[in-house]
Every structure is written in structure tokens, then in C-alpha cells.
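Requesting a structural model of the entry that follows:
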Amino acid sequence: MFGLGMPELLVLLVIILVLFGAGRLPEIGTAVGKAIRGFKKGMSEPDAIDITPPAPPSHHPESSASSHEKETEK
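Next up, the predicted model:
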């Protein structure tokens, strides 16, 4: 995995421990785990974007004629 052996991983762990402290490591691990799970879930789900065009509005000629007749009766 990227040419990292056990000594390199230990050095990385020590550097991370020094930078973040022992108290924050569980928080960081939880956040990384949630991010990886979210990424895997997003990759396995189909796209949620619906690209079908909307139906055109229905235009009834009878309704416009009846409104015209009502205006002329007044």
C-alpha cells in the first residue's frame, strides 16, 4: 500500500499523536470513519438527479372561450 511498511506507519502515528494529542485521536478516527462510509454509500447509490423534462401545462380552449363569453355578457 503506497510502499509504506511498519516503520513508516509507526513514524506517521507518532507525528499524528504529537500534532493532535492523545485525547483527540478518537474524534479524528470517528470523523475519518464516517467520511469513508459516506463516500462508499455515495458511490454505491444511483444518482438522485431527475433530468426528465416537466410536462407542458395543459391548455383547454373551452375554458378560455367560456371566460370570454362571461366578459361579453356583463
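
quick one: residue 10 from residue 52, how far?
To residue 52, residue 10 is 54 Å away according to Cβ to Cβ, to the nearest Å. Placement of C-beta: from N, CA and C, glycine included.

Mind checking which of the two has more residues around it?
Using other Cβ atoms under 10 Å as the criterion, residue 10 and residue 52 rank with residue 10 on top: 10 against 5.

Which phi and psi values does that one adopt?
Main-chain torsions, residue 10, degrees, to the nearest 10: phi -60, psi -40.

again, but for residue 28
Residue 28 adopts backbone torsions of phi -70, psi -40, taken as degrees, to the nearest 10.

Nearest residue to it in space, please, no chain neighbours.
Once flanking residues are discounted, residue 28 sits nearest to residue 20: 6.2 Å by Cβ to Cβ, 6 or more residues apart in numbering.

Run a quick neighbour tally on that neighbour.
So residue 20, with other Cβ under 10 Å, has 12 neighbours.

Going along the chain, name the helices of this structure.
Counting by DSSP state H, the chain has helices at residues 6-20, 25-44, 61-73.

looking only at pLDDT, what's the mean for the last one?
In other words, helix 61-73. Averaged across helix 61-73, the pLDDT comes to 55.

and if you look at stretch 40-58?
Averaging pLDDT along stretch 40-58 gives 79.

who's in contact with that stretch?
For stretch 40-58, there are no surrounding residues in contact (Cβ atoms under 8 Å, 6 or more residues apart in numbering).

got the end-to-end distance for it?
Terminal residues of stretch 40-58 are spaced 43 Å apart (Cα to Cα, to the nearest Å).
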